[in-house]
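[1] test case, fold it:
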Amino acid sequence: MAAALLQAIPVTVNDSSDVALAAGGDRLAFERLYRAHVNRVFSLCTRMSGSRTMGEELTQDVFVRTWEKLPQFRGESAFSTWLHRLAVNVVLNARKIEGRNAARTDEGDVEDERRPETARAPMHIERMDLAEAISKLPPGARKIFVLHDVEGYRHEEIAEMCGITSGGSKAQLHRARLLLRGTLER
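    Numbering: from 1, shown residues only. So this is what the prediction gives:
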């Protein structure tokens, strides 16, 4: 009964002490950090990648990188801010690698030939929710849309993270919004 009561009480995480302990190798402290932040990281990774499966993989990558880089955390910002930036960087790096791999192979053509004709036909759906519409955006537009409209980054920050100009970020955001509007109005 006492164990059930303890599980019902939400655990508050003192990030600063857990960060210090985890940086020193304390796995229980790292587990507390993981539990406190995994949902937000997963949500970010899923929205930026457009895929729940990819979001799960990227979330794992984020926490592996967190464990490796935690001793380098200097505390100049909140741990959650540092973790969020690390997650964005992991997703952006995965996109770069994915782009390089796609450029090296023409697997897209092979997949189209293997898919049955019905799978290639456009899907007509009366209503589509926003999350699904966002996942269907082109990768660049989706990335900028999520970073700006969902996560709240400014265009200058997005430009720095993605290696583009702030004007390029604004153009991609405009494109993403137009595509979303068109998709949702159907």
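[2] which ones are touching the residue nearest to Met161 when sequence neighbours are not counted?
    The spatially closest residue to Met161, leaving aside those adjacent along the chain, is Val88, at 6.1 Å (Cβ to Cβ, 6 or more residues apart in numbering). Bear in mind the C-beta positions are built from the backbone N, C-alpha and C, glycine included. Val88 makes contact with Leu44, Met48, Leu147, Glu151, Met161, according to Cβ atoms under 8 Å, 6 or more residues apart in numbering.
[3] which of those has the weakest pLDDT?
    The member of the contacts of Val88 with the lowest pLDDT is Glu151, at 81.
[4] return the distance of the residue nearest in space to the middle of the chain relative to Asp61.
    The centre of the chain sits closest to Cys45, judged by Cα atoms, centre = their mean, with a distance of 1.9 Å. From Cys45 over to Asp61 the distance is 8 Å, taken as Cβ to Cβ, to the nearest Å.
[5] and for these two, which residues touch both?
    With Cβ under 8 Å, 6+ apart, Cys45 and Asp61 have common neighbours Val90.
[6] pLDDT-wise, which helix or strand of this structure ranks last?
    helix 2-8 (a mean of 36; mean pLDDT, DSSP states H and E).
[7] average pLDDT across the longest helix anywhere in the chain?
    Identified as the longest helix of the chain according to DSSP state H is helix 79-104. For helix 79-104, mean pLDDT is 83.
[8] what's the answer for stretch 162-173, then?
    In the prediction, stretch 162-173 has an average pLDDT of 89.
[9] list the buried residues of whichever helix or strand Ala20 is part of.
    Using DSSP states H and E, Ala20 falls within helix 15-23. Of the residues in helix 15-23, Asp15, Asp18, Val19, Leu21, Ala22, Ala23 count as buried by neighbour count, 16 or more other Cβ atoms under 10 Å.
[10] then the next helix or strand after it to CSV, C-alphas only?
    Remark: after helix 15-23, the chain's next helix or strand is helix 27-49, criterion DSSP H and E. Output of helix 27-49 as CSV, limited to C-alpha atoms (Å, rounded to 0.1, in the frame of the first residue of the first chain):
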residue,chain,number,x,y,z
ARG,A,27,22.7,6.4,-13.2
LEU,A,28,19.7,6.9,-10.9
ALA,A,29,20.1,10.6,-11.2
PHE,A,30,20.3,10.3,-14.9
GLU,A,31,17.1,8.1,-14.9
ARG,A,32,15.3,10.9,-13.0
LEU,A,33,16.4,13.4,-15.6
TYR,A,34,15.3,11.0,-18.4
ARG,A,35,11.9,10.5,-16.8
ALA,A,36,11.4,14.2,-16.3
HIS,A,37,12.3,15.2,-19.9
VAL,A,38,11.6,12.2,-22.1
ASN,A,39,8.1,13.3,-23.1
ARG,A,40,9.1,16.7,-24.3
VAL,A,41,12.2,15.4,-26.2
PHE,A,42,10.1,12.7,-27.8
SER,A,43,7.4,15.2,-28.8
LEU,A,44,10.1,17.5,-30.4
CYS,A,45,11.8,14.6,-32.2
THR,A,46,8.5,13.3,-33.6
ARG,A,47,7.3,16.7,-34.8
MET,A,48,10.6,17.5,-36.4
SER,A,49,11.1,14.2,-38.1
